[in-house]
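>>> Sequence and predicted structure below; questions after.
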Amino acid sequence: MTEILDLSAADLVAGIARREFSAREAVAAHLARIEDVNPVINAVVTLDPETAFDAADAADRLTASGAELPPLHGLPTTHKDTHGTKGMRTTQGSPLFKDDVPDVDDLIVARLRQAGVVTTGKTNVPEFAAGSHTFNEVFGTTTNPYAPSLSAGGSSGGVAAAIAAGIQPLGDGSDMGGSLRIPASFCNVVGFRPSYGVIPLPSPDNAWAWLGRTGPMAREVSDIALFMSAVAGPSPLLPTPAPLDGSAFAGRIDGDLRGVRIGWSPDFGICIPVEPAVLEVLQRQLRVFEEAGAMVEEAAPDFSEADLVFQTTRAIDFAAKLGQLVREHRDMIKPEVVWNVELGWSLTAKDLIEATAARTRLEASVREFFGRYDLFLSPAAQVLPFDATLRYPESVAGAESHTYLDWMRSACVLSATGLPVLAVPAGFTPGGLPVGFQLAANHYRDVELLRYAKAFEDRTRCVDVRPELRQPSS
């Protein structure tokens, strides 16, 4: 049954529908793979095999009935541990919630279940999804399938490692400052941060919150589109619906870069430091875009105020969501989260006015850029996967990291724009570590963005290089 795990999500679902194998067999293969590799990478932190097999049996009965099948029918799936799952432990990587079992599913989980997935468990996260390295005091550290002593990234590091290790072909994550894109780059998978509201992310603290997003990770771009077709669409919990729903992503995604105008920047035009080993891989691959018919030249929007927009907005969101917990349980919350909440508390009216004006100027620069270009291309991560025992890299290309966010700026500045952004595998260093590109298109050009990425993927097939995981000998 191990060959089931090599299939794309689309092919796995199709195989169940054609009765080439059952949903129960798919879940069995999935659980066997977890048993085999999870002791090495620590990606999956909660499992409920009994409930999963019951759901798989129900899926097989639906297959046998001849009824119309949902788009993700029978797909075994673990969910990010910050996404609430009804009846299943959801810890958020925090000792405060280590035994918490929600009464309802978060919207993303509810939509995935409605689309037919078989929920089997949860994947690891950093505490409260803060930071792009996955470790916490409840479950420990998730490591990289390509180099198990190194970081898998975060905050969707558990799902990235699970997908790269062949546990599942597709999964749900979230992204405020790179939490889908940095682990995708570290683990040689695809991570997609959609446009605002395309997958609604309701906030009980701020109905107009815009910085955080939920989105998919997968081994292939076509599976990203499948996920989006199944779960995208409006929700009454958001005040403004997005102009895209699942139907926009349905059907075949054909890659095409002919005539596409690309602005590429290795440093975002603001001297963001990036390790030379990362740039060496990416600069070699620029020719792929040109050979596919695109025009590539060095250019970027004006990101000079993007750090201000991101840091202020993130601090507000952290203070709103986690402020009460910090007041009541400061000693049980990691210092990076406390710092970010306190930054939000310290903001003045002047700070908010300046950040709003800066965001307005940033949007004007984005509009000007996409009047000249179709795509912005950049490094997804500033560093290679690093020592998993660190909290975060102490420096990047000689530049000191003063906070836990400094090494993530490559993703954070694009978050500040609100654009749809996708990380796609771009190749490997001579030592075998993955590196990813970050592609951004104009607002609500999500489908075009997937087409551009698919064209690059078709020509490189970096995703076909799978890790070789072995449990340490006893």
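Okay, I see it.
>>> any idea how far residue 292 is from the residue lying farthest from the centre of the chain?
Note on the chain: the largest C-alpha distance from the chain mean falls to residue 65, namely 35.5 Å (CA atoms, centre = their mean). In this structure, residue 65 and residue 292 are 44 Å apart, going by CB to CB, to the nearest Å. To be clear about C-beta, it is placed using only N, CA and C from the backbone, and glycine gets the same treatment.
>>> now residue 449
With distances defined as CB to CB, the gap from residue 449 to residue 292 amounts to 15 Å.
>>> who's more crowded, the two?
Relative neighbour count places residue 449 above the other of residue 449 and residue 292, with 25 against 17, counting by other CB atoms under 10 Å.
>>> Nearest spatial neighbour of that one, chain-adjacent residues omitted?
Leaving aside its chain neighbours, residue 449 sits nearest to residue 441 (3.9 Å; criterion: CB to CB, 6 or more residues apart in numbering).
>>> Is it correct that that neighbour is in contact with residue 374?
Yes - judged on CB atoms under 8 Å, residue 441 makes contact with residue 374 at a distance of 7.0 Å.
>>> More neighbours: which of those two?
Neighbours around residue 441 and residue 374, counted as other CB under 10 Å, are more numerous at residue 441. The numbers are 25 against 19.
>>> sorry, back to before: mutual contacts of residue 441 and residue 374, please.
Here residue 441 and residue 374 share the contacting residues 448, 452, scored by CB atoms under 8 Å, 6 or more residues apart in numbering.
>>> so how far is the host helix or strand of residue 316 off the chain centroid?
In the assignment (DSSP states H and E), residue 316 maps to helix 306-329. If you compare the mean C-alpha spot of helix 306-329 with that of the full chain, they lie 20 Å apart, counting by CA atoms, centre = their mean, to the nearest Å.
>>> and the helix or strand that that helix is followed by, what does it pack onto?
For helix 306-329, the following helix or strand on the C-terminal side (DSSP H and E) is helix 335-346. Of the remaining helices and strands, those touching helix 335-346 by 3 or more CB pairs under 8 Å, 6 or more residues apart in numbering; DSSP states H and E are helix 306-329.
>>> how far off helix 335-346 does the helix it packs on point, in degrees?
100 degrees (axes from the mean of the first three to the mean of the last three CA atoms, to 10 degrees).
>>> Near residue 45, how many other residues are there?
The number of residues packed around residue 45, counting by other CB under 10 Å, is 22.
>>> so it sits in a strand?
Yes - in this structure, residue 45 lies within a strand as judged by DSSP: H, G, I helix; E, B strand; the rest coil.
>>> which residues touch the most centrally placed residue in the chain?
By CA atoms, centre = their mean, the mean C-alpha position of the chain lies nearest to residue 180, the distance being 1.8 Å. Under the criterion of CB under 8 Å, 6+ apart, the neighbours of residue 180 are 156, 173-174, 191-193, 213, 215-217, 423.
>>> Count the residues that sit near the nearest residue to it once chain neighbours are set aside.
If you skip the residues right next to it in sequence, residue 180 has residue 191 as its closest partner in space, 3.6 Å away by CB to CB, 6+ apart. Other residues within reach of residue 191, judged by other CB under 10 Å, total 34.
>>> Is residue 191 in a helix, a strand, or coil?
When states are read from three-state DSSP, the local structure at residue 191 comes out as strand.
>>> from what I can see it touches residue 155, true?
No - taking CB under 8 Å as the contact criterion, residue 191 and residue 155 are not neighbours in contact, 11.3 Å apart.
>>> list residues touching both of these two?
Contact criterion CB under 8 Å, 6+ apart; residues bridging residue 191 and residue 155 by contacting each: 173, 183.
>>> now the helices for the stretch 101-250 of the chain?
Assigned helices in the stretch 101-250 of the chain, in chain order: 107-114, 157-164, 181-187, 221-231 (criterion: DSSP state H, counting those that start in this stretch).
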